[in-house]
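# structure, please.
(one chain, ligands or ions: 1)
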Amino acid sequence: MKSVFEVENLNLWYGSNQALYEISMQIPQNQVTAIIGPSGCGKSTYLKALNRMVEMVPSVKTSGTIKYNDQNIYKDKLTVEYLRTKVGMVFQKPNPFPKSVYDNVAYGPRVHGIKKRAILDQIVEKSLKDAAIWDELKDRLNENAYSLSGGQQQRVCIARALAVEPDVILMDEPTSALDPISTLKVEELVQELKKKYSIVIVTHNMQQAARISDNTAFFLNGELIEYADTNKLFQNPDDKRTEDYITGRFG
Ligand SMILES: Nc1ncnc2c1ncn2[C@@H]1O[C@H](COP(=O)(O)OP(=O)(O)OP(=O)(O)O)[C@@H](O)[C@H]1O
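Modelled structure (predicted):
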């Protein structure tokens, strides 16, 4: 199976505090990979290392290798802009721009120089369809995204990420601010999206990881403790610490 990311011996420090230790992990294409672990164990840091968003914190230093489609993201001729276009991100709290639904989704393509209305129309429609929200919003494209429900805003943010044709989508607890029905819609959407994209999702919700992911990685204190097929990890973990975490003994 092809990997979109190959991470080897990744260490990461915020100033003098080390947040990740020797992480080695391959992320398979067209699958959903879940990252679980207690608060502060480095899940978000790891996710943001994959598209170099973590470097927005000036004190960050890293060592090790991260390869995206066989290219070293730090060394090869891979610009940060290209990497972040191909490796999109969706955050915990829906963060649409204070603009219309249309302008939110068209934002990235416009930044990339697409001006023709007919092409933008096509991209907006396709992205909203892929984010499973076209039918709900096709008559509300000119409304401000802030007027939508939280669950709709989150799917508009997913459509905005899709509009620039990524191939990986990083999701940082994308449903933790949503109600159960919106959560279900986003979970169903993730299952659809993996046909075209590779998904890495950080979640606090172990039931969610078990429901929607193919592989699960358990992080603890900045270390990758166990990484396995999701059914295996939840039903028959190798490491006692994984077992203690998934059975609710800590965290
Ligand atoms: N901007 C930052 N500056 C300094 N230290 C940071 C920064 N962001 C995170 N850290 C530290 O890195 C460690 C890992 O944090 P991270 O947010 O990656 O954990 P997490 O597992 O995603 O936590 P949570 O589940 O609570 O979101 C923590 O010790 C945290 O304090």
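
# what are the ranges of the strands in the stretch 101-250 of the chain?
Using DSSP state E, counting those that start in this stretch, the strands found in the stretch 101-250 of the chain span residues 168-172, 198-202, 215-220, 223-229.

# strand partners (parallel or antiparallel) of the first one?
In the sheet, strand 168-172 lines up against strand 87-90 (parallel), strand 198-202 (parallel) (DSSP bridges).

# quick revisit: including mean neighbour count and mean pLDDT, could the strands of the stretch 101-250 of the chain go into a markdown table?
Any C-beta I mention is one placed from the backbone N, CA and C, and that applies to glycine too. Output for those, formatted as a markdown table (neighbours: other Cβ atoms under 10 Å; pLDDT from 0 to 100):
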| stretch | mean neighbour count | mean pLDDT |
| --- | --- | --- |
| strand 168-172 | 24 | 97 |
| strand 198-202 | 25 | 97 |
| strand 215-220 | 24 | 98 |
| strand 223-229 | 18 | 98 |
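
# distance to the ligand for these - can I get that in JSON lines?
As requested, the strands of the stretch 101-250 of the chain are exported to JSON lines (distance: least, Cβ to the nearest ligand atom, whole Å):
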{"stretch": "strand 168-172", "distance to the ligand": "8"}
{"stretch": "strand 198-202", "distance to the ligand": "6"}
{"stretch": "strand 215-220", "distance to the ligand": "7"}
{"stretch": "strand 223-229", "distance to the ligand": "12"}
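
# go through those and name the closest to residue 128.
Residue 128 sits nearest to strand 168-172 of all those, at 15.4 Å, using Cβ to Cβ.

# which stretches in this structure count as helices?
Applying DSSP state H to the chain gives helices spanning 43-50, 80-86, 101-111, 117-130, 134-137, 150-162, 180-193, 206-212, 230-235, 240-246.

# the nearest residue to residue 3 once chain neighbours are set aside bridge partners, please.
Once flanking residues are discounted, residue 3 sits nearest to residue 26: 4.2 Å by Cβ to Cβ, 6 or more residues apart in numbering. Residue 26 has the following beta-bridge partners by DSSP bridges: residue 6.

# quick one, what contacts residue 26?
3, 5-7 (Cβ atoms under 8 Å, 6 or more residues apart in numbering).

# between those residues, which is nearest residue 117?
residue 5 (36.2 Å).

# before we move on, the earlier item: for the strands of the stretch 101-250 of the chain, which one sits closest to residue 62?
strand 223-229 (15.2 Å).

# so what does the closest one touch, helix or strand wise?
strand 17-28, strand 215-220, helix 240-246 (3 or more Cβ pairs under 8 Å, 6 or more residues apart in numbering; DSSP states H and E).

# nearest to the ligand among the contacts of residue 26?
residue 7 (14.9 Å; Cβ to the nearest ligand atom).

# residues contacting the closest one?
23-27, 50, 64-67.

# confidence score at it?
Listed pLDDT for residue 7 reads 98.

# ditto for residue 113
95.

# could you tell me which residues of this protein lie near the ligand?
Neighbours of the ligand within the chain, by Cβ under 6 Å from any ligand atom: 14, 17, 19, 37, 39-45, 57.

# would you point out the most distant pair within those?
37 and 57 (20.0 Å).

# the more surrounded of those two?
residue 37 (25 against 11; other Cβ atoms under 10 Å).

# mind saving the C-alpha coords of stretch 51-64 as PDB?
Output in PDB follows, covering the C-alpha atoms of stretch 51-64 (Å, rounded to 0.1, in the frame of the first residue of the first chain):
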ATOM      1  CA  ASN A  51       2.200  20.500   6.600                       C
ATOM      2  CA  ARG A  52       4.700  22.600   8.500                       C
ATOM      3  CA  MET A  53       2.000  24.700  10.100                       C
ATOM      4  CA  VAL A  54       3.800  24.100  13.400                       C
ATOM      5  CA  GLU A  55       6.600  26.300  12.300                       C
ATOM      6  CA  MET A  56       4.400  29.300  12.700                       C
ATOM      7  CA  VAL A  57       5.500  29.100  16.300                       C
ATOM      8  CA  PRO A  58       9.000  30.800  16.000                       C
ATOM      9  CA  SER A  59      10.600  28.700  18.700                       C
ATOM     10  CA  VAL A  60       9.900  25.400  17.000                       C
ATOM     11  CA  LYS A  61      12.900  23.200  16.000                       C
ATOM     12  CA  THR A  62      12.700  19.700  14.500                       C
ATOM     13  CA  SER A  63      15.000  16.900  13.600                       C
ATOM     14  CA  GLY A  64      14.300  13.700  11.600                       C
END
